[in-house]
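**Student:** A predicted structure for the sequence below; I have some questions about it.
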Amino acid sequence: MLGKNFKTQEIKDEKEKERRSFLLLSQYAQETQHEKILRGLAVGIAFTMYGRLEEADPLVTSLCADKDPILRRSGMYTLAMAYCGTGNNQAIRKLLHVAVSDVNDDVRRAAVTGLGFLLFRHTNLSKAQR
């Protein structure tokens with residue numbers, strides 16, 4: 001019984017470590033003035049959210065609301081990685097909205113690229129257009 005409780009506590013601590021790591025990464029990304037570091041953090045944040053689905057939504061929301069276009073672009077890539085291959089309608093709508101409304105070309109391009117990541121398993125969509 002003690003071993004089982006210890007395992008549960010370990011998992012909770014691991015989740016807390018992950019949450020704190022993401023918080024530190026995003027805080028550092030918002031504070032740094034070094035563009036190359038910021039770009040690396042932006043891609044790293046996106047890749048760490050691969051396959052996390054709704055778990056990534058709060059992070060995506062905060063990244064997309066940032067005034068820095070590199071972080072908004074990271075929000076698009078994070079959304080794409082979190083829902084990669086799922087064809088999730090909410091994620092598609094968000095990416096489409098940003099693809100036509102953001103003021104920065106790179107953010108719009110990342111949103112369109114993200115659509116490809118979301119829809120790559122849905123080949124019936126591309127066949128219908130032929």
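**Tutor:** Structure's in. What do you need?
**Student:** secondary structure element for the residue most central in space within the chain?
**Tutor:** Nearest residue to the geometric centre of the chain (C-alpha atoms, centre = their mean): Thr78, 1.4 Å. Here Thr78 sits within helix 69-82, counting by DSSP states H and E.
**Student:** That helix packs against which elements?
**Tutor:** Packing partners of helix 69-82 (3 or more C-beta pairs under 8 Å, 6 or more residues apart in numbering; DSSP states H and E): helix 2-31, helix 35-48, helix 57-64, helix 89-101, helix 105-119. C-beta coordinates here come from the backbone N, C-alpha and C atoms, glycine included.
**Student:** that older thread, quick one: residues contacting the residue nearest to the centre of the chain.
**Tutor:** If a contact means C-beta atoms under 8 Å, 6 or more residues apart in numbering, then Thr78 has Ile45, Ala46, Met49, Ala56, Leu59, Val60, Leu63 as its contacts.
**Student:** one more time with 6 Å
**Tutor:** Ile45, Ala46, Met49, Ala56, Val60 (C-beta atoms under 6 Å, 6 or more residues apart in numbering).
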